[in-house]
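Undergrad: need the 3D shape of this:
(4 chains)
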Number of protein chains: 2
Amino acid sequence: MKTKQNTLYVGSLAKGLRLLRAFDESHREMSLSELAARTGLDKSATQRLANTLHVEGMLDKDPGTRRFRPSHAWLEMAYAYYWSDPLVGQAMPKLINLSQELGETVNLAELSGDHIIYVSRLPCKRTYFAATVIGRRLPALSTSAGRAMLATFPEDEWRAAVDHWPIKPFTPSTTLDRDAIRASVEAAVHDGYAISKGQMILNEMAVATPILGPDGRACAAVQCSVSGHTWDRDRIAAEILPKLQDTANAISPSFLSHRGA
Amino acid sequence: MKTKQNTLYVGSLAKGLRLLRAFDESHREMSLSELAARTGLDKSATQRLANTLHVEGMLDKDPGTRRFRPSHAWLEMAYAYYWSDPLVGQAMPKLINLSQELGETVNLAELSGDHIIYVSRLPCKRTYFAATVIGRRLPALSTSAGRAMLATFPEDEWRAAVDHWPIKPFTPSTTLDRDAIRASVEAAVHDGYAISKGQMILNEMAVATPILGPDGRACAAVQCSVSGHTWDRDRIAAEILPKLQDTANAISPSFLSHRGA
DNA sequence: GCTTTAAGTATTATATAATGATACCTAATG
DNA sequence: CATTAGGTATCATTATATAATACTTAAAGC
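TA: The predicted structure is shown next:
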């Protein structure tokens, strides 16, 4: 185990975090050996760390199956996050209003490296479970929110992003062609908003408008998801966009601390 | 530092978790020395652990102020939690329907020791920020959801809970009298639902119906919050309750694994 | 129903990796 | 400009995490 050679780096803590991060949508609960296999830690280490996490209330353990799973503490962490993010408090009441006015699903997304992360979701229609859950990370280039945010960056910066940020297919209609994505961001630069179709879910359409920080760079985006069966670009631009933009503008914070590198 | 004398307990990991848990609604970002003071760890330990958490992406660090705060990873943990909790997937579409039908705020709460924790929230009206955020823990006895769940337990068990579980005042009208709480749970045993008023927010009313596990014990509750200015008990019972109960019944799972101790 | 195998649990000697004291640096404050 | 608090870096010491191994339990195969 080549731990980072730094006396300010506590390997045991890092390994414990490895265990926590081993859980995701396709690893919902794990046995000791599954955890060991997935994290690459040996049996003993996994045992010790998992036990510690269990004792400390971070992992629940089914007494019957002896399998571990995330505890309620994981939700409490989201709670603490929300209070620490100045944008959420600003945005929440306005997002609620918006979703009520539109009667459609409204999301708040932030940029997290080259991905976006859904920070708040207000689902109004039945959808896939994944579309209702906060904390989901998606490649920024494949989302209307990501493109709308990128479009507020200096041109060389967003062009570099379009060239290099990751993409991966989610549906048969996910755009994998960077030229097409570039065109989409160009449009967003011009229009001040982005519309996408079928990127994450077949026939789902999304509109997003950036929330601008004091420097003019987007720090987040308000996004609205609708069904492609009942909506088209024109109707979205006419009926959804104005309210979406008002909301995003109303949220844009005066002072906003920058997230550390 | 008296660490628990067990070779299966990794102290460094536990201390790292202490740092994470130091953040809450009134500690949204902290400097190194604040963290040290709050966790009771010495300066060096705090430095090493916080640095590790930063390197591992669990804490953001403002380059200017050098203050730490929860990172987006905290939301990703909530994401993983949601997938691991079988109830949420079951409940989500039904909760969305309910909130749309009622036009009022709908919550899903689970029991977490002697507290309830809000697992899902679908706010429809402007409220206090705290009322819109998932992961919030509240004393079970002070909430309609907690009382509705308790009422499904064997009598000796819920009576013991009423006598011993913690209570604390949130508003001037929070019920601190255990006799009054006992009467409320008794009513819930009889009615199959609980209504409370002004427990957490002045003049806010809440109704809750239990979601029953296969053993007849509630594992969660569906709850609806409304304004006490426009609603009273009778109207809630007449207009909200039926749909609330249908929803809770529809969610009740066939197989539900029990959360580990 | 017995054997085999896999998974979880417990113990221990060993040395690595965490520790905390201290010294250094930086930037506020008076 | 002096003072001080807070953040950062270094290092000798040994406590603490480690990984091998043995033990226990439960499931799978015959």
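
Undergrad: for burial, what's the neighbour tally of the residue in the stretch 101-250 of chain A that DNA strand D sits nearest to?
TA: Closest contact between the stretch 101-250 of chain A and DNA strand D, by C-beta to the nearest atom of the strand, is at residue A:113 (21.4 Å). (C-beta placed from N, C-alpha, C; glycine too.) By other C-beta atoms under 10 Å in any protein chain shown, the residues close to residue A:113 number 12.

Undergrad: one more: residue A:109?
TA: Neighbours around residue A:109, by other C-beta under 10 Å: 30.

Undergrad: any idea which element the residue in chain A positioned nearest to DNA strand D lies in?
TA: Chain A approaches DNA strand D most closely through residue A:44 (3.2 Å), counting by C-beta to the nearest atom of the strand. Using DSSP states H and E, residue A:44 sits in helix A:43-55.

Undergrad: what do you get for residue A:205?
TA: Going by DSSP H and E, residue A:205 is part of strand A:204-212.

Undergrad: state the mean pLDDT of that strand.
TA: Strand A:204-212 shows a mean pLDDT of 97.

Undergrad: partner strands of it, parallel or antiparallel?
TA: strand A:194-197 (antiparallel), strand A:218-227 (antiparallel) (DSSP bridges).

Undergrad: for the last one, what is the average pLDDT?
TA: For strand A:218-227, mean pLDDT rounds to 96.

Undergrad: again with stretch A:160-173
TA: 96.

Undergrad: how about that stretch: buried residues?
TA: Residues of stretch A:160-173 classed as buried: A:161-162, A:165, A:167, A:170, A:173 (neighbour count, 16 or more other C-beta atoms under 10 Å in any protein chain shown).

Undergrad: so the spatially most central residue of chain A bridges to which residues?
TA: Nearest to the centroid of the C-alpha atoms of chain A, with distances taken as C-alpha atoms, centre = their mean, sits residue A:117, at 1.4 Å. Per DSSP bridges, the residues bridged to residue A:117 are residue A:110, residue A:137.

Undergrad: try the one 4 residues further on
TA: With DSSP bridges as the criterion, the beta-bridge partners of residue A:121 are residue A:107.

Undergrad: ok, it - how many residues close by?
TA: Residues near residue A:121, counting by other C-beta under 10 Å: 22.

Undergrad: what sits against it?
TA: Residues in contact with residue A:121, defined by C-beta atoms under 8 Å, 6 or more residues apart in numbering or on different chains, are A:105-108, A:131-134.

Undergrad: output those residues as JSON lines; include the columns neighbour count.
TA: What follows is these, written out as JSON lines (neighbours: other C-beta atoms under 10 Å in any protein chain shown):
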{"residue": "A:105", "neighbour count": "23"}
{"residue": "A:106", "neighbour count": "27"}
{"residue": "A:107", "neighbour count": "27"}
{"residue": "A:108", "neighbour count": "28"}
{"residue": "A:131", "neighbour count": "19"}
{"residue": "A:132", "neighbour count": "25"}
{"residue": "A:133", "neighbour count": "23"}
{"residue": "A:134", "neighbour count": "21"}
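
Undergrad: my guess is the residue nearest to the centre of chain A contacts residue A:139. True?
TA: No - between residue A:117 and residue A:139 there is no contact under C-beta atoms under 8 Å: 11.3 Å.

Undergrad: let me see the mean pLDDT of stretch A:46-58.
TA: 94.

Undergrad: what comes into contact with that stretch?
TA: With C-beta under 8 Å, 6+ apart, stretch A:46-58 has contacts from A:12, A:15-16, A:19-20, A:32-33, A:35-36, A:39, A:41, A:59-61, A:68, A:70-71, A:73-74, B:4, B:7-10, B:13-14, B:17, B:260.

Undergrad: now, which of those lie within helices?
TA: A:12, A:15-16, A:19-20, A:32-33, A:35-36, A:39, A:73-74, B:13-14, B:17 (DSSP state H).

Undergrad: for chain B, what's its nearest residue on the stretch 101-250 of chain A.
TA: Of the stretch 101-250 of chain A, the residue with the smallest distance to chain B, taken as C-beta to the nearest C-beta, is residue A:135 at 3.1 Å.

Undergrad: show me the contacts for residue A:211.
TA: Here residue A:211 is in contact with A:87, A:91, A:218-222, A:248, A:251-253 (criterion: C-beta under 8 Å, 6+ apart).

Undergrad: tell me what it is bridged to.
TA: residue A:220.

Undergrad: next one: residue A:225
TA: Bridge pairing for residue A:225 - DSSP bridges - gives residue A:105, residue A:206.

Undergrad: do I have it right that it meets residue A:206?
TA: Yes - Residue A:225 is within contact range of residue A:206, at 5.0 Å (criterion: C-beta under 8 Å).

Undergrad: outside of stretch A:70-81 itself, list whatever touches it.
TA: A:20, A:23, A:57-60, A:134-135, B:20, B:23-25, B:70, B:72, B:74-75, B:77-78, B:80-81, B:84-85, B:110, B:112, B:117, B:119, B:133-137, B:259.

Undergrad: ok, of these, which come out buried?
TA: A:20, A:23, A:58-60, A:134-135, B:20, B:23, B:70, B:72, B:74-75, B:77-78, B:80-81, B:84-85, B:110, B:112, B:117, B:119, B:133-137, B:259.

Undergrad: low-confidence ranges in chain A?
TA: In the predicted model, chain A carries pLDDT under 70 at residues A:1-5, A:253-261.

Undergrad: how about 50 then?
TA: A:1-4, A:255-261 (pLDDT under 50).

Undergrad: give me every residue that touches residue A:225.
TA: So residue A:225 contacts A:104-105, A:107, A:127, A:131, A:204-206 (C-beta under 8 Å, 6+ apart).

Undergrad: and chain A, which residues reach DNA strand C?
TA: Proximity of chain A to DNA strand C (C-beta under 7 Å from any atom of the strand) is limited to residues A:1, A:3, A:7, A:9-12, A:31-34, A:43-44, A:47, A:66-67.

Undergrad: circling back to that earlier point, which one of the strands paired with strand A:204-212 is the most hemmed in?
TA: Highest mean neighbour count of the strands paired with strand A:204-212: strand A:218-227, a mean of 25 (counted as mean count of other C-beta atoms under 10 Å in any protein chain shown).

Undergrad: quick one: buried residues of whichever helix or strand comes after that one?
TA: Following strand A:218-227 in sequence order, the next helix or strand is helix A:233-235 (DSSP H and E). Within helix A:233-235, no residue qualifies as buried by neighbour count (16+ other C-beta under 10 Å).

Undergrad: hang on, the earlier thing: phi and psi next, for the residue of the stretch 101-250 of chain A closest to chain B.
TA: The phi/psi pair for residue A:135 (degrees, to the nearest 10) reads phi 90, psi 0.

Undergrad: isn't it right next to residue A:118, touching?
TA: Yes - the pair residue A:135 and residue A:118 qualifies as a contact (C-beta under 8 Å) at a distance of 6.8 Å.

Undergrad: what's the spacing between residue A:200 and residue A:144?
TA: Distance of residue A:200 to residue A:144, computed by C-beta to C-beta, to the nearest Å: 10 Å.

Undergrad: mutual contacts of the two, please.
TA: Between them, residue A:200 and residue A:144 share the contacting residues residue A:206, judged by C-beta under 8 Å, 6+ apart.

Undergrad: which of those two has more residues huddled nearby?
TA: Per other C-beta under 10 Å, whichever of residue A:200 and residue A:144 has more neighbours is residue A:144, with 28 against 21.

Undergrad: distance-wise, check that one relative to residue A:241.
TA: 12 Å.

Undergrad: likewise for residue A:216?
TA: Plainly put, residue A:216 is 20 Å away from residue A:241 if you go by C-beta to C-beta.

Undergrad: quick one, which of those two is more surrounded?
TA: Neighbours per residue (other C-beta under 10 Å) separate residue A:216 from residue A:241, with residue A:241 holding more: 18 against 10.

Undergrad: contacts only, for that one.
TA: A:193, A:207, A:209.

Undergrad: most neighbours of all the residues you listed, which one?
TA: Going by other C-beta under 10 Å, residue A:209 tops the contacts of residue A:241 with 29 neighbours.

Undergrad: report the contact partners of the spatially closest residue to that residue that is not a sequence neighbour.
TA: Among residues not flanking residue A:209 along the chain, residue A:248 sits closest, at 4.2 Å (C-beta to C-beta, 6 or more residues apart in numbering or on different chains). Residue A:248 is in contact with A:209-212, A:221-222, counting by C-beta under 8 Å, 6+ apart.
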